[in-house]
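Colleague: after the sequence you'll find the predicted model.
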Amino acid sequence: MRRQALERAGYRCEVPGCACRTNLHVHHIQRRSQGGSDELSNLAVVCASHHLRHLHGGTMRVEGEDPSTRIWEIGLEEGEPWRVWCDERLVDGEALAWEGDEAEPPRADDRICEATPEYRCGPAASGSEIRAA
């Protein structure tokens, strides 16, 4: 599974904005000690720094089975993220176009992120919503 995860990730860290290609670790999204499996859908490829300092250090969270719709919560402080990313797209704050009944509904071509449905992940509406890698 490790080789498959690395190939799927293009041999680079999957954390949005990170292009590291060295010291890659395969992280279990749901820990094995908490019932997580070794299935490809439960694995994320991350660099050593993001893995040890942030994911296991408590300042970052990742959820979701499909890499293209995974939710990356970055800069956690007291359980609240500083930024939320889905794929390479910022989906929190002003970049979040749909927050419920009062705002416009998501377009038909948008994918709803399974991990946290309140975040929308899909084709960006403008260049300001895309984070440069």
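Modeller: Yes, it's here.
Colleague: lowest-scoring secondary structure element of the chain by mean pLDDT?
Modeller: Sorted by mean pLDDT, DSSP states H and E, the helices and strands of the chain end with strand 111-112, the least confident at a mean of 38.
Colleague: please enumerate the strands of the chain.
Modeller: Along the chain, counting by DSSP state E, strands occupy 24-28, 43-47, 60-63, 71-74, 83-86, 89-90, 111-112, 120-121.
Colleague: strands paired with the third one, and their directions?
Modeller: Applying DSSP bridges to the sheet, strand 60-63 is found paired with strand 71-74 (antiparallel).
Colleague: repeat for the fifth one
Modeller: Within its sheet, and counting by DSSP bridges, strand 83-86 is paired with strand 71-74 (antiparallel), strand 89-90 (antiparallel).
Colleague: worst mean pLDDT among the ones you listed?
Modeller: The weakest mean pLDDT among those belongs to strand 89-90, with a mean of 79.
Colleague: list the backbone torsions phi and psi for the residue lying closest to Trp82 once chain neighbours are set aside.
Modeller: Distance criterion Cβ to Cβ, 6 or more residues apart in numbering; nearest residue to Trp82, sequence neighbours excluded, is Gly75 at 2.8 Å. Every C-beta, even on glycine, is put in place using the N, C-alpha and C of the backbone. The phi and psi values for Gly75, taken as degrees, to the nearest 10, are phi 80, psi 40.
Colleague: can you give me the pLDDT of Glu114?
Modeller: Each residue has a pLDDT score; the one for Glu114 is 39.
Colleague: whoops, Gly75 was the one
Modeller: Gly75 carries a pLDDT value of 88.
Colleague: OK, contacts around it?
Modeller: Remark: with contacts taken as Cβ atoms under 8 Å, 6 or more residues apart in numbering, Gly75 is in contact with 59-60, 81-83.
Colleague: could you rerun that using 6 Å?
Modeller: By Cβ atoms under 6 Å, 6 or more residues apart in numbering, the residues touching Gly75 are 81-83.
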